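Trainee: Let me see the structure of the following:
(chains A, B and C)
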Amino acid sequence: MNIWERMLNIDRRWIFLSIGVVSIIPFLTKIGLPVSTTEEVEDIFTYIDSLGKENAIFISFDFDPGTQAENMPMGVAVMRHAFHNHVPVFLTAYTPLGHGMAGGALDYVTRPSTPGYYTSVDFDEWADIRNAGITDRDELEAAWEEAGNVLPDDSHGWVFEGRDFVYLGYAPLFHLVILGMTSSIETQYPSDAHDNPLSEMPILREHKSLREVDLAVTTSGSSACTAWVIYGREKIGLPVAFGVTAVSATDYYPYIQSGQIIGQMGGLRGAAEYEVLLQQNGITETTDKAFTGMDVQSADHLLIIFFIIMGNIAYFMGGFHRKKQLKGGR
Amino acid sequence: MYEIIGIWVGAFFTLAIYSFLYKENPVYRLAEHLVVGISLGYTMAITYDVVLKPRLIEPLLAGGSWILLIPALLGLLYITRFISSIAWLSRYPIAFVLGTGMGVGFPLTMKSNVLRQLEAAMIPFYQEGMPWHMVLGNVVLVLGTLAALIYFFFSKPHKGFFFGTGSRIGIWIIMLGFGATFGFTVMGRISLLIGRIQYLLGDWLHLIE
Amino acid sequence: MKRTVPLMIVMVGGILMMVQYFIPHQYSQAVFDSYVSWAPIIAAFALILGVGSLTRVHAHKIRRKAENWQYSWAVLIPLYAMPVLAHIWPVSLSGGMDEPSIFHFLFMHIQVPIQATMFSMLAFYIASAAFRAFRAKSALATVLLLAAVIVMLGQVPIGDLIAKWFPQIGLWILRYPNLAAKRAIMLGVGFGILATNLKIIFGVERNWLGGAGK
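Mentor: Below you'll find the model as predicted:
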């Protein structure tokens, strides 16, 4: 066995180890290489930034825990953006496990241990104000604070359940649910995931169907995102934005060019770009997990390119392209 | 306390799965089986809570929605799949969901994935003030789509100028597309690993923020 | 009854729903609304098939004491414990730190880490594959390889530092040749789906009937 053959037959656990080590070191060195933004992500940001309290968006958690590392930062970033601008948010999920992901994202954004969190007010907690007929976003916040509630110093703001967001969650045959919501959201979701009646929610009174919604952002780890284009966009012209895993991101460029989606966050890089835009525009003080991961992404890409080059050198130098097969290694 | 215990348990199972990279072992196998049971159990609970309870059971108990017994009975026919003598009855709910689903999807899929795509492929190569790389891009986009379609068209032999040259150009375009997809696939896989390392080093060990 | 009725249901259901799209009259809309409220209920019962099959397979393994039968308990116990836990400990299924439950714990701290880690293992395998299998054996393979490398470098910050043109060329590949290839595939798949839909609706394709009796 010559050196090239030995090299190609290296125990693959050495490759695993090198990936593991290279994925850890950049976290400890914290270089923070700058991430430039692309048109595909900027378009989503600009669109959401133009919305206000009279508008509404859907953020759909159409992924399972397997791809949460990529999809979750997208959902979190868009949710933060909407909360900052008081854009009402509907949270939905394409799969049962996505239901948990949506709850996890909401929990993360409203948890006091998260930097730049929002303080959530449960639907029942502001019932008195609602019953007094106050449902306008600004008046509601004023009445809430007048009632003696003080925003914690480190909190970014209040978010009122039923006014700023509603957690609808999962429903089966979700593509039909999208179609059904083009007529009425409430018939598809009699209550929210916390068992609150939708009929009493101001967000639902002002946005009864998808026709009264300004955007659907789908964060997806599969082809589930296409349901929003096929059944939402094509049926009623609902603007749609994608936040998809890198594996599927290349498949959806046709939708961008045809104008069927307003933009796309592709993989962790896409999420990192959105985090950068949030920070640059003063919506968050710092970037979050996606941006932090980009140094590791750089290091690992270099390592994998190194593997490709070394593999090819060994393959051609060893003359394997014109003769024998390799003996299998571990 | 709840959160701390949760993170330790999560870290244990994360390492249990990674132990497979060294060698298959009983802890890995346990984790692998647990995930199957929990995910389906979770799905059952959620399905009951968000579908059956609010859309079927509560309206039925409230009275006046007896028509909902029809989808309920149709749904229950799925169970006959386990009784071989009447297993054919399970075809009824399948037929209902399949037929209607396809009927609903047909016009919208045609509009979204066929007609809109054809329309978007017909663009001018050049417009006033367009930089050269966009002009080149538009040429590649229009002719590349046509060439790649020719490559996938197997009813005619790939010979002659139109089919022969077209399919040869098509395969080059497809390879560029697959190359981009491979690059993105690498990126995606690494991102998932990054997520777990952030969990282990950050949430669990607090070595990073 | 066994074959004809299901085939009729498929045909009538399919045609009705197609027609509904083209004739948005209030009657057709009413039919559609009823359908949209019925379909999730029917689909929810399909879960019984999955649960039943999984139970049968693992119960069989336990009864026969097949190899690794002990692990089957790790499937069956949480499978049935989850729905019970979700409802005997009455908290919101969506969870949240202020309302912990065993149900939420099992999902967030066992299911999520395990599933996320399983997917992340692919990073190791793709690195190994890059070393062992990604060869520039031909001109076409070389093009694929070069496109992959340019896109990989173009998508990370270090690519920007190495050369400004990496991200630019990477984006150009994504926006033009990649788009052309993916659009051709999308059109091919689109036509395929439409043809299959029509074949099923009109009873030409009957494989979905399966083997559940003649």
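
Trainee: tally of neighbours for residue A:14?
Mentor: Neighbours of residue A:14 under the rule other Cβ atoms under 10 Å in any protein chain shown: 12. (Each C-beta comes from the backbone N, C-alpha and C, glycine too.)

Trainee: For it, pull up the helix or strand it's in.
Mentor: Residue A:14 is part of helix A:12-29 when elements are defined by DSSP states H and E.

Trainee: Let's see whichever helix or strand comes after that helix as PDB, backbone CA atoms only.
Mentor: The helix or strand immediately downstream of helix A:12-29 is helix A:39-49, counting by DSSP H and E. What follows is helix A:39-49 as a C-alpha-only set of coordinates in PDB (Å, rounded to 0.1, in the frame of the first residue of the first chain):
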ATOM      1  CA  GLU A  39     -30.600  41.400  -1.900                       C
ATOM      2  CA  GLU A  40     -32.600  38.300  -1.200                       C
ATOM      3  CA  VAL A  41     -32.500  39.000   2.600                       C
ATOM      4  CA  GLU A  42     -32.600  42.800   2.400                       C
ATOM      5  CA  ASP A  43     -35.800  42.600   0.500                       C
ATOM      6  CA  ILE A  44     -37.500  40.800   3.300                       C
ATOM      7  CA  PHE A  45     -36.100  43.100   5.900                       C
ATOM      8  CA  THR A  46     -37.200  46.200   4.000                       C
ATOM      9  CA  TYR A  47     -40.700  44.900   3.400                       C
ATOM     10  CA  ILE A  48     -41.200  44.000   7.100                       C
ATOM     11  CA  ASP A  49     -39.700  47.300   8.200                       C
END
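
Trainee: so what does helix A:39-49 touch, helix or strand wise?
Mentor: helix A:68-84, strand A:215-220, strand A:240-244, strand A:264-266, helix A:267-280 (3 or more Cβ pairs under 8 Å, 6 or more residues apart in numbering or on different chains; DSSP states H and E).

Trainee: To chain B, which of these lies closest?
Mentor: helix A:68-84 (2.3 Å; Cβ to the nearest Cβ).

Trainee: pLDDT of that closest one, averaged?
Mentor: With pLDDT averaged residue by residue, helix A:68-84 scores 98.

Trainee: can you give me the helices for chain C?
Mentor: Along chain C, the stretches classed as helices by DSSP state H are C:4-22, C:26-45, C:47-64, C:71-88, C:102-106, C:112-120, C:122-132, C:139-154, C:157-162, C:165-175, C:177-201.

Trainee: buried stuff in the helix holding residue A:14?
Mentor: The neighbour-count check on helix A:12-29 (16 or more other Cβ atoms under 10 Å in any protein chain shown) flags A:12, A:15, A:16, A:18, A:19, A:20, A:22, A:23, A:24, A:26, A:27 as buried.

Trainee: How about stretch A:80-91?
Mentor: Under 16+ other Cβ under 10 Å, the buried positions of stretch A:80-91 are A:80, A:81, A:82, A:83, A:84, A:86, A:87, A:88, A:89, A:90, A:91.

Trainee: ok, now stretch C:198-210?
Mentor: Residues of stretch C:198-210 classed as buried by neighbour count (16+ other Cβ under 10 Å): C:200, C:201, C:209.

Trainee: What of stretch A:108-120?
Mentor: A:108, A:109, A:110, A:114, A:116, A:117, A:118, A:119, A:120.

Trainee: Please list all residues in contact with the fifth one.
Mentor: Read it as residue A:116. A:80, A:156, A:284, A:285, A:286 (Cβ atoms under 8 Å, 6 or more residues apart in numbering or on different chains).

Trainee: Same list (those) but as CSV, adding secondary structure and distance to residue C:180.
Mentor: As requested, these are exported to CSV (DSSP: H, G, I helix; E, B strand; the rest coil; distance: Cβ to Cβ, whole Å):
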residue, secondary structure, distance to residue C:180
A:80, helix, 36
A:156, coil, 44
A:284, coil, 37
A:285, coil, 42
A:286, coil, 40
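
Trainee: Can you tell me which of those residues is nearest chain C?
Mentor: residue A:286 (17.0 Å).

Trainee: show me what contacts the closest one?
Mentor: Contacts of residue A:286 (Cβ under 8 Å, 6+ apart): A:115, A:116, A:279.
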